[in-house]
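> Curious how this folds, go ahead:
(one chain, ligands or ions: 2)
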Amino acid sequence: MIVRNFFVFEGIDGTGTTTQLKLIKERFLREENEGRELIVTCEPTTGPIGALIRRGLSGEYRFTADTMARLFAADRGEHIYGSDGILEQTKAGKTVISDRYLFSTLAYQGSAGDPQLAEQLNAEFPLPEYLFYFDLDADAAMNRVEKRNARLEIYEKREFQRILRNRYASILEHYRIEHPEMKIVVIDASLGIQEISEKIWSIIRNKPIIET
Ligand SMILES: Nc1ncnc2c1ncn2[C@@H]1O[C@H](COP(=O)(O)OP(=O)(O)O)[C@@H](O)[C@H]1O
Ligand SMILES: Cc1cn([C@H]2C[C@H](O)[C@@H](COP(=O)(O)OP(=O)(O)O)O2)c(=O)[nH]c1=O
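Residues are numbered from 1 along each chain as shown. Ligands and ions are numbered 1, 2, ... in the order given. The predicted structure is shown next:
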């Protein structure tokens, strides 16, 4: 199932999804988009399961990769189906953009742990209307992460990010073939911040409102 007016940003760490989400939100507020309301959200969420995940990401709790996959799936269940969740918001006619979604579990936990478990845990979640995939060489992305972060999280390692980028490529290929109803937009994340923002905005702006 596709959730209309639901957009997802994905990519390895440091590709600029957080930066772009902020810019799109500002632009939405500035240019009042035909009365549409935008909700910007992220995974891990700011809820209690998300908070637990953050402690796993920092290395404070040493969960196995498969436990992380289960936690991300539980967090996602609340994010989609919970009160004030994504389905509720889109049904109310709002546009929702999430920084990361199930594709992150398929890529990260699918690489660090059991890929079949990651797939099973995420098989029933609905898909976004648009997936924006930020593509960038792992070394360039990690250079940005190292400049940004004082402390690196458990997945922020060069070799792992190289593996991740390859896994994302095969995940995208799978969805292109099996779920052509979800539109995939590949963003060249090596471009300038403003140039990328214009591209994303041009797609989001042209989206007609479709009642779900
Ligand atoms: N297109 C870009 N070109 C150069 N630097 C960028 C670009 N987009 C983001 N950055 C910088 O790279 C770092 C990581 O960006 P961020 O948006 O936090 O990435 P992500 O959320 O994907 O991990 C930040 O310091 C940000 O300012
Ligand atoms: C949603 C999700 C995120 N992650 C990872 C990706 C990131 O390394 C980390 C946090 O994501 P994020 O908040 O996007 O990172 P940043 O601090 O760079 O803005 O969680 C998973 O491993 N699996 C998932 O299902």
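
> right, and the helix or strand after whichever strand or helix holds residue 169?
Secondary-structure element containing residue 169, defined by DSSP states H and E: helix 158-178. Sequence-wise, the next helix or strand downstream of helix 158-178 (DSSP H and E) is strand 183-188.

> May I see the buried residues of that following strand?
184, 187 (16 or more other CB atoms under 10 Å). Glycine gets a C-beta too; all of them are placed from N, C-alpha and C.

> Then stretch 137-153?
138, 141, 142, 144, 145.

> Tabulate those residues (JSON lines), appending secondary structure.
Formatted as JSON lines, those follow (DSSP: H, G, I helix; E, B strand; the rest coil):
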{"residue": "138", "secondary structure": "helix"}
{"residue": "141", "secondary structure": "helix"}
{"residue": "142", "secondary structure": "helix"}
{"residue": "144", "secondary structure": "helix"}
{"residue": "145", "secondary structure": "helix"}
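
> Redo the residues you listed as JSON lines? Include distance to ligand 1 and pLDDT.
Below are these laid out as JSON lines (distance: CB to the nearest ligand atom, whole Å; pLDDT from 0 to 100):
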{"residue": "138", "distance to ligand 1": "12", "pLDDT": "98"}
{"residue": "141", "distance to ligand 1": "8", "pLDDT": "98"}
{"residue": "142", "distance to ligand 1": "10", "pLDDT": "97"}
{"residue": "144", "distance to ligand 1": "4", "pLDDT": "96"}
{"residue": "145", "distance to ligand 1": "6", "pLDDT": "96"}
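
> which of those residues come close to ligand 2?
When contact is defined as CB under 6 Å from any ligand atom, the buried residues of stretch 137-153 do not meet ligand 2 at all.

> Could you export stretch 183-196 as PDB, CA atoms only?
C-alpha atoms of stretch 183-196 as PDB (Å, rounded to 0.1, in the frame of the first residue of the first chain):
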ATOM      1  CA  LYS A 183       8.400   6.800  -7.100                       C
ATOM      2  CA  ILE A 184      12.100   6.800  -6.500                       C
ATOM      3  CA  VAL A 185      14.100  10.000  -7.000                       C
ATOM      4  CA  VAL A 186      17.900   9.700  -6.800                       C
ATOM      5  CA  ILE A 187      19.600  12.900  -5.600                       C
ATOM      6  CA  ASP A 188      23.200  13.600  -6.400                       C
ATOM      7  CA  ALA A 189      24.200  14.500  -2.800                       C
ATOM      8  CA  SER A 190      27.600  15.900  -4.000                       C
ATOM      9  CA  LEU A 191      25.800  19.000  -5.400                       C
ATOM     10  CA  GLY A 192      25.500  22.200  -3.500                       C
ATOM     11  CA  ILE A 193      22.900  22.500  -0.700                       C
ATOM     12  CA  GLN A 194      20.800  25.100  -2.500                       C
ATOM     13  CA  GLU A 195      20.800  23.200  -5.800                       C
ATOM     14  CA  ILE A 196      19.600  20.000  -4.100                       C
END
